[in-house]
Each structure stands twice: as C-alpha cells, then as structure tokens.
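Chemist: Next one to model:
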Amino acid sequence: MKIFNIDWRRFFEALPVWSSIELPAREAFLTSFKPSAPVPSEHLGDALETLLASGLMERTGATGNRVQAAERFRPFLRAARAMHRVRILDSPDPKTLRHYAIEHWSHDELRTLTDQPSYSASPYYGLAYLRRGRWVEDFLRSQPTQRDPEDRPPGEPPDPGDPQRLVAAILEHGGPVAFSQLEEIDSELDIDRIARAIYAPLAAGVLFASLDSEYTPRIGLWPEIVERRQRPPAQPPQEVRVEESFGLALMVEDLATFLRTCAARPPRRKADGRALYVRDRRIIADKLAPTPEWLPEVLRPSAEERVEHARLTAHYHDFTTSVPETAASSRHCHCSDRGRQWLGSGPEERLRSLADPVRQHFKKGGSVFVGSTTSTNEIAATVEALSGLELLAFVPLNDFLTFHALEKNPLSDSNSLHPGWGHYSLPSESEIEDLWRKALLYTLDQLLAPIGGIRWGLVGSTLCFAITEVGRYILGLADSFNLDHDHAAQVVVQPNFEIVFLSPSPYSAALLAPIARRRGNEQVGTIFEITRSSVLDAAASGMESQEILRLLEDASTHDLPTNVRQQIKTWCAQLRRVRQRYLTIIECPDRQTARRVLEVLGRTARPLTETMIELKRETLTQSQRNKLAEAGLNLEMPSFED
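Modeler: This next block holds a predicted model:
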C-alpha cells in the first residue's frame with residue numbers, strides 16, 4: 001500500500017497525545033503539514049502553542065520561525081492525513097471507494113488484489129468485490145502467511161499476528177471502531193497483536209480506515225456488509241385473500257380495439273408512416289378498457305401509450321397495412337386481411353396467437369435484459385421463481401420480490417456486466433439484489449400481465465399478484481389454458497340501450513368495448529351505450545349481427561330486451577361495403593395521340609373520353625414505358641400540385 005505501510009505501533013503510541021488536543025488544533029495539524037515539510041509558524045495561528053506543548057510539532061530553522069511534525073509522530077500524521085482526505089466510512093459509495101483505491105493502491109496492486117488481468121480496461125473494474133460479504137468471508141477462511149523478507153511489501157510486519165481474529169472481532173462489534181478502542185472489543189487482542197495484524201486486512205481491502213467528524217481515527221468493514229449481516233433473513237411470501245383484483249389481458253383487448261377502429265374508420269398516420277395523429281390516437285384511446293385506479297402508475301400505462309403499443313404489435317404481426325391516398329404523404333392505417341382473420345377468431349385463439357411468441361421466449365432462455373453478458377440463464381431463473389406459486393394464489397408483490405432478491409438470487413455469483421451497472425466496476429451485492437428485483441418485476445409487468453398471465457390484487461394498501469392458467473402456459477408449466485372469466489359479474493342491458501354494471505367486471509367490459517360506446521372510465525354504473533355508430537363500426541370490422549348479440553348475451557346476466565335485438569339486426573342490415581379503387585389516367589392532347597397510346601398499351605387500357613385513357617393497372621410497367629418511348633410518346637409524371 002502507498003500510505004498505510006507504516007509502523008502501526010508508532011501510530012498507536014500517538015493516539016493518547018492526539019486525543020488530548022482540541023479539535024481546532026487537530027484540524028490545523030492535519031491541514032497545515034506534510035509529514036516532513038516545515039511551515040511558517042504563523043500558518044498555525046492559535047493552534048501553534050497547543051501543538052508545540054503536545055509534542056506533535058517542533059520548531060526548526062535557524063531562527064525557530066518554522067515548525068514541522070516531530071519525527072516520532074510522522075507515521076501518524078501520514079496515515080491520519082490519508083484518513084482525512086477520503087472519509088470512506090462516512091460516505092461508503094462507489095465514487096468514494098474509487099478515490100480510496102487511488103489513494104492507497106497502485107494499479108498493479110489493485111489488479112493483483114481483485115484478480116484482474118494486466119490487460120483489463122480499468123484497474124478499478126473489480127472494486128465491487130470489496131463491497132461484497134463474500135470478500136470478508138474468504139479473508140476469514142484464509143490463513144495468515146509469513147513471507148520471505150525479499151517478497152514482503154514495505155510496511156508488512158514479519159509476523160502478521162492474527163488478522164482474521166481482528167476482522168472477526170470488528171465484524172462482531174458491527175460499526176466502525178475507534179483505533180483507541182480496539183483493545184476493548186476482544187480481550188485477547190492487545191496493542192502489539194493489533195499493530196501486527198492490522199496491515200493485512202487493510203492491504204486486502206477488508207478493513208477501511210478514516211476519520212470521523214471529530215478527527216478521531218476509526219477502522220471498520222464496508223458498512224453495507226455489516227448491515228447485510230445484521231439484517232434478518234427474508235421470509236417466503238404467504239398467500240393472502242385480496243379485496244379487489246384485475247387480470248384483463250390488456251394487450252389482446254387493446255389490439256382488438258385498435259384493429260376494429262382500423263377496419264371501420266382507419267386512423268391517419270403522420271408523414272413518417274409511423275405515429276398516428278394525436279386526434280386519431282385519442283379517439284382510439286377513449287375506446288380502451290379502463291384500468292383500476294389502485295394499480296400503481298408504474299404498472300398502469302397511459303391510454304395513449306397503450307394505443308401506440310397496439311399499433312406496434314399490429315404492425316409486427318402484419319395485422320395492418322397502409323394505402324396512400326394521393327401522391328402526397330398522407331396515409332391511413334387499414335386492417336389487413338390477416339388482421340380481420342385474427343379479429344374473427346375466438347378469444348382464446350386471439351390470446352394464444354400473442355402468448356405463443358412469449359412462450360417461445362421463455363422456452364429459449366437467456367437474459368431478461370438486452371445487453372446483459374452474464375452467463376446466468378435469467379429467464380430460466382424467473383420461471384423457477386414463479387413455478388413455486390400456486391395457481392390463482394395471491395401473494396404480496398414486495399414480499400415476493402424481496403425474498404427472491406435476498407435469498408434466491410441467481411446473480412449472486414455473477415461477475416459480468418449488466419445494463420445499469422456502469423462500465424468501470426462490477427456490481428455490489430445491493431446492486432445485484434436491485435437488478436434481480438427489476439428482472440422479476442419486468443417479467444410480471446411487461447411479459448405476463450399484458451397477456452393475462454397474472455392477476456393483480458389489492459388487500460388494504462398492499463399490492464399482490466397471482467399466476468393464472470395463461471401465465472403457467474406462457475412459462476411452459478402447462479400445455480394449455482382456459483380463460484378466466486368473471487362469472488360473478490352483474491351486467492344488465494337495458495331497453496334504452498344503456499349497459500349497467502352492478503359490479504366491476506373487466507372481462508365483460510372488454511367483451512362489450514368493440515360493440516358499444518364507452519361513457520366514462522367508471523367500473524360501476526352506466527358504463528356503455530349501444531349506438532348505431534358503435535354497431536356499424538363493429539359490423540365494418542367483420543362482425544355479424546348474431547355475433548354482436550352473442551357477445552351481449554355472454555356479458556349480460558339477464559335476457560336481452562326485444563327492441564335491442566331487433567334494432568341491432570336493423571343497423572347491421574344497413575351496412576353495405578363499397579370498394580375504393582385507384583386509377584391511373586393518361587391525358588392526351590388530341591384523339592390521334594390517344595389512338596397511338598391505345599395501340600401501344602393494348603388490352604391493359606381503355607378509352608374514357610376521346611383524349612383520356614384509363615389504365616387498368618395502378619401504374620405502368622417499365623416495359624410499357626419503354627414501348628411508349630419507342631413509339632415517340634413521351635410520358636410526363638404528374639406533380640403533387642396536380
């Protein structure tokens with residue numbers, strides 16, 4: 001070590017003198033001196049006489065107008081100044097640890113200490129080892145060794161004493177210990193044994209030394225290691241009975257709502273062909289099923305975020321297509337034939353089509369986060385963590401995350417980088433725990449919940465969750481699934497076409513969203529109204545009147561009113577499908593030119609007027625363009641203004 005390679009006996013001999021002087025004198029002694037550099041007497045001010053009387057300083061120079069640290073106190077000053085510069089026990093964080101390492105170890109010493117190769121990008125990469133409990137455990141299991149004089153670093157005593165006993169005593173004590181009190185924590189340790197034993201754990205980065213606010217030298221383990229040792233073990237999550245629950249497969253329902261809108265009233269896309277215009281996005285957002293207010297905001301994406309997610313999902317599965325309106329950049333998002341086929345399938349088929357790719361993701365295994373380089377199969381570990389939960393048995397979310405982060409963490413032995421760990425050091429134990437919590441929460445919130453793989457629940461103010469049949473299917477723990485319906489829901493379709501919910505029912509709300517207009521985001525009361533526009537939109541998406549009536553019957557706990565049945569059939573019968581077609585018109589200056597064009601294009605064109613010709617295809621082929629050019633017919637392309 002650069003600084004702590006001192007004679008620690010002399011350091012302990014200086015402690016009584018150091019304890020006898022006041023704080024201003026201590027501060028002056030630490031900040032005004034270097035170990036062997038004299039300074040003018042006036043630099044010390046009122047502290048001069050106190051320091052001279054204590055023997056810490058002595059006058060020097062021909063006239064005695066300069067002072068310097070006394071020879072026997074210079075090792076103490078050297079170590080105390082280093083402890084003062086980096087208060088690592090007061091600010092135990094990666095940045096302070098890096099400064100401490102710069103202060104006390106050379107690059108080669110650090111690489112040897114943390115077993116990093118000489119070609120590693122940074123000698124500080126392995127500093128996180130020093131923040132892990134296993135670092136201390138490995139040191140306690142090791143045996144003190146006596147090296148040959150030529151191999152022994154400067155400052156290391158010939159007889160290292162019992163450094164393991166010293167570390168164990170400090171670990172048992174808990175927090176940092178003042179150097180002057182080290183004898184008190186173990187009756188078998190005297191100053192001579194401590195002075196011989198202290199170098200090894202300091203050089204190994206097991207013990208750290210710094211001053212406190214009163215400039216008292218202290219020594220201790222990395223504080224997080226002590227806190228973790230004193231922390232009681234986490235308990236497995238226990239099943240609870242929830243007061244409210246929510247398990248709607250939002251991705252499936254949002255996608256269905258988006259595609260039905262694209263089929264009936266195609267929304268406009270911006271010039272980049274990606275994002276929807278705000279007005280169109282809000283129209284779709286108003287049709288989405290609501291989420292309960294008791295869900296935390298981090299687990300409850302906004303309606304516009306859900307619309308964008310549905311748009312991206314539809315694009316990924318080729319459920320939408322875009323057709324240019326004009327030569328300009330305005331575009332609409334249309335439901336493709338594949339999207340209509342998906343809409344026409346049953347609820348379980350629709351859900352399965354989105355669940356199977358996620359199921360394959362879990363089957364393949366690997367890392368949860370993109371960019372992770374760990375060798376741990378994180379996805380398999382998440383499946384193992386969730387496999388221990390009973391079907392539809394609610395457990396507190398925080399208890400589940402805490403237990404697996406602290407007691408069942410597969411990343412505990414990981415020495416690889418992860419996103420968020422930075423590029424200059426390995427993760428500490430707390431960072432590993434935090435990352436595994438995030439990995440499990442990401443799996444629940446982003447991979448399972450959108451497809452109905454879990455149900456959220458609430459008991460008091462505690463958020464809970466339960467694995468569903470769909471979730472077990474996605475995780476590969478089951479070969480099939482049945483949808484979880486709200487059998488106890490009370491929903492009434494009234495003769496005035498209003499739909500009243502007597503109790504919350506997310507499943508029924510999702511069934512009715514495509515065929516009725518939502519009235520607010522409440523979960524109880526008059527939530528939907530059947531209108532001519534909503535029925536025509538449903539019919540435009542491919543639904544027949546019988547299918548619309550069946551959805552109403554499935555959702556309603558009473559028979560449908562006769563007038564509602566008849567009116568829905570009437571509205572559906574009013575739907576007629578008309579086809580939009582794009583034409584290419586060739587304008588000719590006179591009849592003779594028109595005849596020449598028709599001769600070249602043959603059956604692929606027909607006359608509309610004496611000088612206008614309709615092309616039966618949307619555009620001319622390159623071969624046709626070449627034939628027109630060879631016939632002396634120069635084809636001019638229209639501008640956007642035309």
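
Chemist: quick one: contacts of stretch 264-283?
Modeler: 261, 284, 304, 307-308, 311, 322, 329-335, 536-538, 540-541 (C-beta atoms under 8 Å, 6 or more residues apart in numbering). Backbone N, C-alpha and C define where each C-beta goes, glycine included.

Chemist: Just the ones in strands from these, please.
Modeler: 322, 331-335 (DSSP state E).

Chemist: Report the two of these separated the most.
Modeler: R331 and C335 (14.2 Å; C-beta to C-beta).

Chemist: if you count what's nearby, which of these two comes out ahead?
Modeler: Neighbour totals were compared for R331 and C335, and C335 leads with 25 against 20 (other C-beta atoms under 10 Å).

Chemist: quick one: low-confidence parts of the stretch 51-200 of the chain?
Modeler: For the stretch 51-200 of the chain, applying pLDDT under 70 flags the ranges 117-121, 144-160.

Chemist: Which parts of it are strands?
Modeler: In the stretch 51-200 of the chain, the segments counted as strands under DSSP state E, counting those that start in this stretch are 57-60, 66-69, 177-178.

Chemist: Can you say which of the ones you listed is packed in most?
Modeler: strand 66-69 (a mean of 20; mean count of other C-beta atoms under 10 Å).

Chemist: Tell me the helices and strands packed up against it.
Modeler: Packing contacts for strand 66-69, counted by 3 or more C-beta pairs under 8 Å, 6 or more residues apart in numbering; DSSP states H and E, involve strand 39-40, helix 47-54, strand 57-60.

Chemist: what does it rub up against?
Modeler: By C-beta under 8 Å, 6+ apart, strand 66-69 touches 29, 33, 35-41, 44, 48, 51-52, 56-60, 77.

Chemist: And stretch 127-134, by the same measure?
Modeler: 94, 97-98, 101, 110, 114, 135, 205-206, 222, 224-225, 228-229, 425-429, 431.

Chemist: got the residue ranges for the strands in the stretch 401-550 of the chain?
Modeler: Using DSSP E, counting those that start in this stretch, strands in the stretch 401-550 of the chain cover 454-459, 462-467, 491-493, 498-501, 517-518, 525-529.

Chemist: Minimum distance to E390: which of those strands has it?
Modeler: strand 462-467 (7.8 Å).

Chemist: ok and that closest one relative to strand 454-459, angle-wise?
Modeler: In terms of direction (axes from the mean of the first three to the mean of the last three C-alpha atoms, to 10 degrees), strand 462-467 departs from strand 454-459 by 150 degrees.

Chemist: What average pLDDT does strand 462-467 get?
Modeler: Averaging pLDDT along strand 462-467 yields 95.

Chemist: Run through who's touching that strand.
Modeler: Outside strand 462-467, the residues that reach it (C-beta under 8 Å, 6+ apart) are 240, 242, 245, 295-296, 386, 389-398, 400, 444, 453-458, 475.

Chemist: Now which of those residues would you call buried?
Modeler: 240, 242, 245, 386, 389, 392, 394-397, 400, 444, 453-458, 475 (16 or more other C-beta atoms under 10 Å).

Chemist: now, which of the residues you listed lie within helices?
Modeler: 386, 397, 400 (DSSP state H).

Chemist: The last one and T443 touch, don't they?
Modeler: No: if you go by C-beta atoms under 8 Å, F400 and T443 don't touch, sitting 11.4 Å apart.

Chemist: S36 and A289, how far apart?
Modeler: Distance of S36 to A289, given as C-beta to C-beta, to the nearest Å: 77 Å.

Chemist: The two: which has the busier surroundings?
Modeler: A289 (23 against 11).

Chemist: hmm, back to that, filter the contacts of stretch 127-134 to the buried ones?
Modeler: Buried among the contacts of stretch 127-134 (16+ other C-beta under 10 Å): 94, 97-98, 101, 110, 114, 135, 205-206, 222, 224-225, 425-429, 431.

Chemist: returning to that earlier point: and R550, which of the strands of the stretch 401-550 of the chain is closest to it?
Modeler: Comparing those by C-beta to C-beta, strand 491-493 comes nearest, at 12.7 Å.

Chemist: So what touches the closest one?
Modeler: So strand 491-493 is contacted by 499-502, 505, 508, 512, 530, 552, 555-558, 560-561, 564 (C-beta under 8 Å, 6+ apart).

Chemist: Check stretch 354-364 too.
Modeler: With C-beta under 8 Å, 6+ apart as the criterion, stretch 354-364 contacts 251-252, 255, 313, 379, 382-383, 447-448, 451, 453, 470, 473-476.

Chemist: of those, closest to D162?
Modeler: The closest of those, once distances to D162 are taken by C-beta to C-beta, is T382, at 44.6 Å.

Chemist: Can you get me a residue count around that closest one?
Modeler: Residues near T382, counting by other C-beta under 10 Å: 24.

Chemist: returning to that earlier point: save the strands of the stretch 51-200 of the chain as CSV, and put in distance to K408 too.
Modeler: Formatted as CSV, those follow (distance: least, C-beta to C-beta, whole Å):
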stretch, distance to K408
strand 57-60, 58
strand 66-69, 54
strand 177-178, 34
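
Chemist: on that earlier part again, can the strands of the stretch 401-550 of the chain go into CSV with extra columns for distance to K363?
Modeler: Below are the strands of the stretch 401-550 of the chain laid out as CSV (distance: least, C-beta to C-beta, whole Å):
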stretch, distance to K363
strand 454-459, 19
strand 462-467, 17
strand 491-493, 38
strand 498-501, 39
strand 517-518, 38
strand 525-529, 39
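
Chemist: Select, out of the ones you listed, the one closest to R596.
Modeler: strand 517-518 (57.2 Å).

Chemist: That closest one pairs with which strands, and in what direction?
Modeler: strand 525-529 (antiparallel) (DSSP bridges).

Chemist: Q546 versus R565, what's the distance?
Modeler: According to C-beta to C-beta, R565 and Q546 sit 10 Å apart.

Chemist: Could you do Y277 as well?
Modeler: Distance from Y277 to Q546, by C-beta to C-beta: 35 Å.

Chemist: Of the contacts of stretch 264-283, select the buried ones using a ChimeraX command.
Modeler: In ChimeraX, selecting the buried portion of those, with burial taken from 16+ other C-beta under 10 Å, looks like this:
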select :261,284,307,308,311,322,331,332,333,335,536,537,538,540,541
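
Chemist: was I right about R306 contacting V252?
Modeler: No: taking C-beta under 8 Å as the definition, R306 is not a contact partner of V252, at 11.8 Å.

Chemist: With distance to T570 added, can I get the helices and strands packed on strand 66-69 in TSV?
Modeler: Converted to TSV, those look like this (distance: least, C-beta to C-beta, whole Å):
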stretch	distance to T570
strand 39-40	102
helix 47-54	100
strand 57-60	105
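
Chemist: Now stretch 29-41: buried residues?
Modeler: 29-30, 32-33, 38-39, 41.

Chemist: so which pair among those residues is furthest apart in space?
Modeler: The widest separation within these (C-beta to C-beta) is 17.2 Å, between L30 and S41.

Chemist: Name the single longest helix found in this structure.
Modeler: The chain, longest helix under DSSP H: helix 347-364.
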